[in-house]
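Q: Mind looking at a prediction? Sequence and model below.
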Amino acid sequence: MSETSAAVHPLSGLIPLLHRLARLRWLLCPVGAVEAYAQIRPGTGQPYDLIRFSEAGGWIVTGRLGDVYATSFMQGGPLELLASWALFPFPHQHEAGYAAVGQQGQIWLRLVTGAALVAVCMLGARRLRTLHRLPRSQPLELLAGLTAVLLAVPYYFWAEGHLSQFAVPVMWVAGASLAVRGRTTAAGLVIGLSAGWQSWGVLAAGLLLVDRRPGPLLRAVAAFVVGALSCYLPFVVTGRFEMFALAWPVRQLTLVHTLLPQLTEFGWPYRFLQGLVAGLAGVAVALVLGRRRDLVWLGPLAVVTARLLLDPVLLPNYWYPLLVLAVAGVSLLHPGCSPWRLGLVALLCCVPHVQNRYVQDLGVTTIGVTSALITALLVVLRREEPADA
């Protein structure tokens, strides 16, 4: 046997089959449509928050800015409110009959968005690879689509009525991608604007430290501040802005309850502390990875995980950003990845599925496992990837 034939991988014969299967990847879109449709149940209406968000979005459209944040209930950002209104602008769309089976418009909306979400995941994988100098790969696009379907991204997209849980991580990935490629001012603006979906979008600001030169960093921070403030300033100047008056109840089985068992309400001063911890997690990952391409998804994942660690309620939808980041993570895999790296990425992809389906009461344990996996992957990436990759 020649040296050339001896060096051939024993599984190389499967490559042609894999490429043939990858050509069929768009057949995953109907699966996504079915997953989105599965959220429709007889006798149930829209999620309560979605109804309120859609109503507030209508107020923005009609110029009633002073009503939007007149009560502390409203924690959704203006972009989330407008998006909710755009999907459901009419009051009858929130009635139980419409949300279940009464109107074909609801059914078709679910089907179309479910299919579109899977397509966006695959096209997003292609774009992300192009931006970060990885070759176009139909099998990796297939893997991204499979990840979205197996993690039920279209199903969870409609589950709680919080579009921000998907939009914010997408904007974080976009902002981190810009930062890694040296466009830190644009990165600061995108991450700042992510706060327009929900205020916790600001937590990823630490990722801007991939560029530690004073000039570019100051410009990035300035763009970040402008982006974040511009989303809320029109509402603040009305004089009726009560967003920061809300206090959340502290649920059992959270780390906050374990550390402070006498605490019953978690107000914004505690939220600022929580945000500081989450922001520092992003800073740490930015310093460790530098301009390595995997900062694009691993930095946001560290921020989300740290945010969950000190969250007083740990609602199910708080885990949804991990679904988006898992898809981004598999999109950046390549043939040079070690088995250790592949295994760690696979385990991180399993985290949101296991949490949402099997261990909802063990959130703190899941966060600990996720933190350990992120740390291990950071070590692997430091060894495997050059600093500018």
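A: Alright, I've got the coordinates. This one's a predicted model, so the numbers in the text were calculated from it and none came from an experiment.
Q: Give me the below-cutoff pLDDT ranges for the stretch 251-389 of the chain.
A: 388-389 (pLDDT under 70).
Q: Please enumerate the strands of it.
A: Applying DSSP state E, counting those that start in this stretch to the stretch 251-389 of the chain gives strands spanning 265-266.
Q: For the host helix or strand of residue 223, which helices and strands make contact with it?
A: Applying DSSP states H and E as the criterion places residue 223 in helix 214-236. Applying 3 or more Cβ pairs under 8 Å, 6 or more residues apart in numbering; DSSP states H and E, one finds that helix 214-236 contacts helix 65-68, helix 78-87, helix 184-193. C-beta coordinates here come from the backbone N, C-alpha and C atoms, glycine included.
Q: mind running it again at 7 Å?
A: Packed against helix 214-236, as judged by 3 or more Cβ pairs under 7 Å, 6 or more residues apart in numbering; DSSP states H and E, are the following elements: helix 65-68, helix 184-193.
Q: Show which residues not belonging to the last one make contact with it.
A: The reference is to helix 184-193. Here helix 184-193 makes contact (Cβ atoms under 7 Å, 6 or more residues apart in numbering) with 171-172, 174-175, 178-179, 204-205, 207-208, 211, 216-217, 219-221, 223-228, 231.
Q: now it against helix 214-236, angle please.
A: Helix 184-193 runs at 30 degrees relative to helix 214-236, counting by axes from the mean of the first three to the mean of the last three Cα atoms, to 10 degrees.
Q: what angle do helix 184-193 and helix 78-87 make?
A: Using the same axes, to 10 degrees: helix 184-193 against helix 78-87 is 60 degrees.
Q: list the buried ones in the host helix or strand of residue 31?
A: Residue 31 is part of helix 28-37, with elements assigned from DSSP H and E. If you call a residue buried by 16 or more other Cβ atoms under 10 Å, then helix 28-37 has these buried ones: 28, 29, 31, 32, 33, 35, 36, 37.
Q: what does stretch 369-377 give?
A: 369, 370, 371, 373, 374, 376, 377.
Q: Not counting its neighbours along the chain, what's nearest the first one?
A: It refers to residue 369. Spatial nearest neighbour of residue 369, excluding adjacent residues (Cβ to Cβ, 6 or more residues apart in numbering): residue 351 at 7.1 Å.
Q: And for residue 130, the neighbour number?
A: 11 (other Cβ atoms under 10 Å).
Q: how close does it sit to residue 191?
A: Per Cβ to Cβ, to the nearest Å, residue 130 is found 21 Å from residue 191.
Q: okay, residue 187: pLDDT?
A: pLDDT, residue 187: 97.
Q: Widest-spaced pair of the buried residues of stretch 369-377?
A: The distance between the two most remote of these (Cβ to Cβ) is 12.6 Å, for 369 and 377.
Q: name the element residue 178 belongs to?
A: Per DSSP H and E, the secondary structure element for residue 178 is helix 164-180.
Q: would you say residue 212 is within a helix?
A: No. Read with DSSP: H, G, I helix; E, B strand; the rest coil, residue 212 is coil and lies in no helix.
Q: Which residues does the helix holding residue 223 contact?
A: Here helix 214-236 has contacts from 65, 68-69, 77-78, 184-185, 187-189, 191-193, 195-196, 202, 205, 208, 211, 241, using Cβ under 7 Å, 6+ apart.
Q: ok, then the element right after that helix?
A: Next helix or strand after helix 214-236 toward the C-terminus (DSSP H and E): strand 248-249.
Q: what residues does that next one touch?
A: The contact list for strand 248-249 (Cβ under 7 Å, 6+ apart) reads 264, 265, 266, 312, 313.
Q: Look up the pLDDT of residue 40 for me, please.
A: 71.
Q: Please apply the same query to residue 240.
A: The predicted local confidence for residue 240 is 87.
Q: what comes up buried for the helix or strand harbouring residue 127?
A: Assigned by DSSP H and E, residue 127 belongs to helix 104-131. Under the neighbour-count criterion of 16+ other Cβ under 10 Å, helix 104-131 has 106-107, 109-111, 113-115, 117-122, 124-126, 128-129 buried.
Q: and what of stretch 354-363?
A: Applying 16+ other Cβ under 10 Å to stretch 354-363 flags 355, 356, 363 as buried.
Q: Which residue is the nearest non-sequential neighbour of the first one?
A: If the residues on either side of it in the chain are set aside, residue 355 comes closest to residue 366, at 4.8 Å by Cβ to Cβ, 6+ apart.
Q: Return the members of the contacts of helix 184-193 classed as buried.
A: Among the contacts of helix 184-193, those buried by neighbour count (16+ other Cβ under 10 Å) are 171-172, 174-175, 178-179, 204-205, 207-208, 211, 216-217, 219-221, 223-224, 227-228, 231.
Q: Could you double-check that residue 281 lies in contact with residue 306?
A: Yes. Using Cβ atoms under 7 Å, residue 281 is in contact with residue 306, at 3.7 Å.
Q: Quick check: the residue lying closest to residue 258 once chain neighbours are set aside vs residue 284, distance?
A: Setting aside the residues directly before and after it, residue 258 is nearest to residue 364 in space (Cβ to Cβ, 6+ apart), at 7.4 Å. According to Cβ to Cβ, residue 364 stands 20 Å off from residue 284.
Q: I appreciate the help and will end here.
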